[in-house]
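# Below are the sequence and a predicted model; questions follow.
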Amino acid sequence: MTPDENLESELKRQTRFAGLLHPESCDSTQDLAAQEPTDHGPSFGDAVFWADHQTRGRGRQARAWDDTAGLDLAVTLRITTKLHNPLALPAALPVAVLQACEPIAGQPLRIKWPNDVYAQDRKLSGVLIDRDTNRPNTYRIGVGINVNRTTFDGNLADIGTSLALLSGAQQDRHALVLELATRVDAMVSAIERGHLREHEDLFRERLGLLGERVEVQARETSVGILTAIDFENLVLDERVAVPLAIVRSLRRAR
Ligand code: BTN
């Protein structure tokens, strides 16, 4: 069995992902996942799209996302499910990424609002979620992880880190794709069942802002003590609740 065949078979066995598409290169795995029809039978429903290199990788807010060909991870996990609280996804997904990466990084990772994973002050991973109005129950969860590269330019110059740098060793990307898919699958199942307490505890811990004076940009800019936060809302000063869906920025107040 090739590593890809083995990965596809483990994905089928251990997760909801019944298909794997792994081209050497594409524009963006988000677009690949959008083009590939969802109604082709089981192997093209919930599926993993992983490119060794993206020529036009996309980040949030129309930024570019770069990778080093064959060294990093550019993956889109496509899921179709009817979630009663889909707004939990953007906050929940970096927790799944963090769970997949932390054992390799060998140190506690943190979440930087809205959905980046950092090791101290260096960015390790970013998440982008796409959803179309004509297929509202299909989510394309794009995850970029710096895995085996050791130098950074563009958006990540001066702020990038990788699993190889953190662990001191080159990492097996097939194993990481399987671990990531397993963690994302478990997270989506938790959202489907409404059993989020453990994941929300980890989210709060790794966001690290609870009890701190924060600045929140939503409809307006507010400053206050962050007294509660879960995957749907935050609360300032025990009385002002703000839905995360409208929060554009959340950071420690200066
Ligand atoms: C960000 O930090 O702004 C989000 C980065 C998301 C990058 C991933 S890589 C796989 C998928 N394909 C893309 O074009 N983007 C996402």
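Thanks, I have it. Because the structure is predicted, anything quoted here is derived from the model rather than measured.

# In the chain, what residue lies closest to the ligand?
G126 (2.0 Å; C-beta to the nearest ligand atom). Heads up, the C-betas are built off the backbone N, CA and C, glycines and all.

# what residues are up against that residue?
By C-beta atoms under 8 Å, 6 or more residues apart in numbering, the contact set of G126 is 59-60, 65, 115-117, 143-144.

# which one of those residues is nearest C101?
Using C-beta to C-beta, V117 comes nearest to C101 of the contacts of G126, at 6.4 Å.

# number of nearby residues for that closest one?
Using other C-beta atoms under 10 Å, V117 has 27 neighbouring residues.

# can you check R193 too?
Using other C-beta under 10 Å: R193 sits among 8 other residues.

# Tell me which stretches of this protein form strands.
In the chain, the segments counted as strands under DSSP state E are 19-21, 25-26, 47-51, 53-54, 73-80, 110-112, 116-119, 122-132, 135-145, 213-217, 221-229, 233-236, 240-243, 249-252.

# Can you lay out the ones you listed as a markdown table showing mean pLDDT and distance to L166?
Below are those laid out as a markdown table (pLDDT from 0 to 100; distance: least, C-beta to C-beta, whole Å):
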| stretch | mean pLDDT | distance to L166 |
| --- | --- | --- |
| strand 19-21 | 93 | 26 |
| strand 25-26 | 96 | 26 |
| strand 47-51 | 96 | 21 |
| strand 53-54 | 97 | 22 |
| strand 73-80 | 97 | 14 |
| strand 110-112 | 97 | 13 |
| strand 116-119 | 97 | 6 |
| strand 122-132 | 96 | 7 |
| strand 135-145 | 95 | 11 |
| strand 213-217 | 97 | 27 |
| strand 221-229 | 97 | 26 |
| strand 233-236 | 97 | 29 |
| strand 240-243 | 94 | 33 |
| strand 249-252 | 96 | 24 |
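
# one step back: and the ligand, which of the contacts of G126 reach it?
When C-beta under 6 Å from any ligand atom is applied, the members of the contacts of G126 adjacent to the ligand are 59-60, 65, 116, 143-144.

# Closest one of those to A51?
Nearest to A51 among the ones next to the ligand among the contacts of G126 is G144, at 10.7 Å by C-beta to C-beta.

# Next, find the distance separating I129 from L89.
Using C-beta to C-beta, to the nearest Å, I129 is found at 6 Å from L89.
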